[in-house]
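Chemist: I need the structure of the sequence given here:
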Amino acid sequence: MVKVSFNAALAQKDVKKDAETLIPEEDTDAEAALLVRRQSRTWCWCMCLGLALMLSGVVVAGAYLYRYYILEQEDQVFFCGVNYNEEDYMVHEEEEEMELPKKLLQKQLEERITVLEREQVELIRVPVPDFEDGDPADIVHDFQRRLTAYLDLNLNKCYVIPLNTSIVMPPRDLLDLLINVKAGTYLPQSYLIHEEMVVTERLEHVDQLGYFIYNLCRGKPTYKLQRRDRILGIQKREALNCHKIRHFENKFVVETLICEP
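Modeler: Residues are numbered from 1 along each chain as shown. Have a look, this model is predicted:
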C-alpha cells in the first residue's frame with residue numbers, strides 16, 4: 001500500500017501564498033469603495049451647490065421682476081378721464097342748437113396712461129369712446145426718438161409723426177399732473193383743440209423707429225403723417241377719407257384728425 005504524504009512546510013507556504021493573494025484584493029475593494037463614496041459625496045455637494053445657485057437666481061429674478069414690473073407699473077399706470085366742452089369748435093347750423101343746455105355739450109374721455117419716466121416714453125390706451133367721438137387707439141409718445149405713433153384699433157393701421165411737444169407733456173410733468181389728480185376720478189373741466197394730419201407715404205422699416213413704436217406697429221401697415229397746414233396744394237375743405245382719435249396727455253383734450261388722400 002502506497003502512503004501518500006504531504007509536506008507540512010509546503011502546505012503552510014501554500015496557505016501563506018493564498019492569504020497574500022487574498023489580502024491585496026480586499027484592499028483594492030476597500031479603496032474602490034472609498035473612491036466611489038468620495039465621488040458620490042462630491043457629486044452630492046455639487047448638486048446641492050447648483051440647486052442653491054439656481055434658487056438664489058430665481059429669488060433675485062423674482063425680486064427684480066416684482067420691483068420693476070409690478071411696483072413701478074402700479075405707481076405709473078393711471079386710469080383716469082377728463083370732462084371737456086366742445087361748444088367752442090362745433091359748427092351750429094341752426095339757432096335751436098345754440099340753445100341746447102350746456103351739459104349736453106360736455107363729454108367725457110377716459111384713458112389708461114402709462115408713464116415710463118426712465119425711458120422717456122408715454123403709453124396711452126384710448127378705449128372705444130362714447131357718442132362715436134373717434135376711434136379706439138393705442139398711442140406711443142417717445143421723447144428720446146421724438147416721435148409719436150398712433151395705432152387705430154378699428155383700422156389696424158399705424159401712423160407715425162414727429163412728436164409735438166407743444167401738445168404732449170413731458171413724462172415727468174405728465175406724471176406730476178396725474179399724481180395730483182389721482183384722488184379724483186376725472187380731471188378738472190377742460191377744453192378741446194384739434195389738429196389735422198395727412199398720410200404722405202408708407203413706412204417699411206418700422207424696426208428703425210425704436211423699441212416701443214416697433215412693438216406697437218410691427219406686422220401692421222404703417223404710414224408717415226404730416227400736419228395738414230404744412231402741405232401745399234391741399235385745401236382745408238378738400239374731401240378726404242378721414243378718421244379721428246381723441247386723446248389727452250395734457251390739461252386739454254386733443255382731436256387728431258388723420259386723413260388719407
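
Chemist: Mind listing what's buried along stretch 219-226?
Modeler: The neighbour-count check on stretch 219-226 (16 or more other CB atoms under 10 Å) flags 222, 223, 225 as buried. Where you see a C-beta, it was placed from the backbone N, CA and C, and this is true even at glycine.

Chemist: does the last one count as helix, strand or coil?
Modeler: Spelled out, it's residue 225. Assigned by DSSP: H, G, I helix; E, B strand; the rest coil, the conformation of residue 225 is strand.

Chemist: Please name the bridge partners of it.
Modeler: Judged by DSSP bridges, the bridge partners of residue 225 are residue 199.

Chemist: Could you pull up the contacting residues of it?
Modeler: Under the criterion of CB atoms under 8 Å, 6 or more residues apart in numbering, the neighbours of residue 225 are 159, 160, 161, 197, 198, 199, 200, 258.

Chemist: list the buried ones in stretch 157-174?
Modeler: 157, 158, 159, 160, 161, 163, 167, 168, 169, 170, 171, 174.

Chemist: what's the answer for stretch 109-116, then?
Modeler: Applying 16+ other CB under 10 Å to stretch 109-116 flags 109, 110, 111, 113, 115, 116 as buried.

Chemist: mean confidence for that stretch?
Modeler: The pLDDT scores in stretch 109-116 average 92.

Chemist: May I have that stretch as CSV, with CA atoms only?
Modeler: Provided in CSV are the C-alpha atoms of stretch 109-116 (Å, rounded to 0.1, in the frame of the first residue of the first chain):
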residue,chain,number,x,y,z
LEU,A,109,-63.0,110.9,-22.4
GLU,A,110,-61.3,108.0,-20.5
GLU,A,111,-57.8,106.7,-20.9
ARG,A,112,-55.2,104.4,-19.5
ILE,A,113,-51.9,106.1,-19.3
THR,A,114,-48.5,104.5,-18.5
VAL,A,115,-45.6,106.8,-17.9
LEU,A,116,-42.1,105.3,-18.2
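
Chemist: before we move on, the earlier item: okay, and which of the buried residues of stretch 109-116 map to strands?
Modeler: With strands taken from DSSP state E, the overlap with the buried residues of stretch 109-116 comprises 109, 110, 111, 113, 115, 116.

Chemist: how much space between the fourth one and residue 76?
Modeler: What that stands for is residue 113. Counting by CB to CB, to the nearest Å, the gap from residue 113 to residue 76 is 9 Å.

Chemist: just to revisit the earlier point, report the two of the ones in strands among the buried residues of stretch 109-116 separated the most.
Modeler: Within those, 109 and 116 form the most distant pair, 22.0 Å apart (CB to CB).

Chemist: Now for the protein, the helix or strand with the poorest mean pLDDT.
Modeler: helix 95-98 (a mean of 42; mean pLDDT, DSSP states H and E).

Chemist: element containing residue 179?
Modeler: Residue 179 belongs to helix 171-180 when assigned by DSSP states H and E.

Chemist: For that helix, give me every contacting residue.
Modeler: Outside helix 171-180, the residues that touch it by CB under 8 Å, 6+ apart are 76, 78, 80, 113, 115-117, 120-122, 143, 169, 249-251.

Chemist: List buried residues within these.
Modeler: Buried by 16+ other CB under 10 Å: 76, 78, 80, 113, 115-116, 120-122, 143, 169, 249-250, out of these.

Chemist: Can you list which of those are found in strands?
Modeler: Those of the buried ones among the contacts of helix 171-180 lying in strands (DSSP E): 78, 80, 113, 115, 116, 121, 122.

Chemist: of the residues you listed, closest to residue 214?
Modeler: Distances from residue 214 to these, taken as CB to CB, are shortest for residue 121 (12.3 Å).

Chemist: And that closest one, how close does it get to residue 178?
Modeler: From residue 121 across to residue 178, the span is 15 Å (CB to CB).

Chemist: try residue 149
Modeler: 21 Å.

Chemist: quick one: which of these two has more around it?
Modeler: Higher neighbour count among residue 149 and residue 178: residue 149, with 27 against 18, using other CB atoms under 10 Å.

Chemist: who's in contact with that one?
Modeler: 139, 140, 142, 158, 159, 160, 209, 213, 216, 217.
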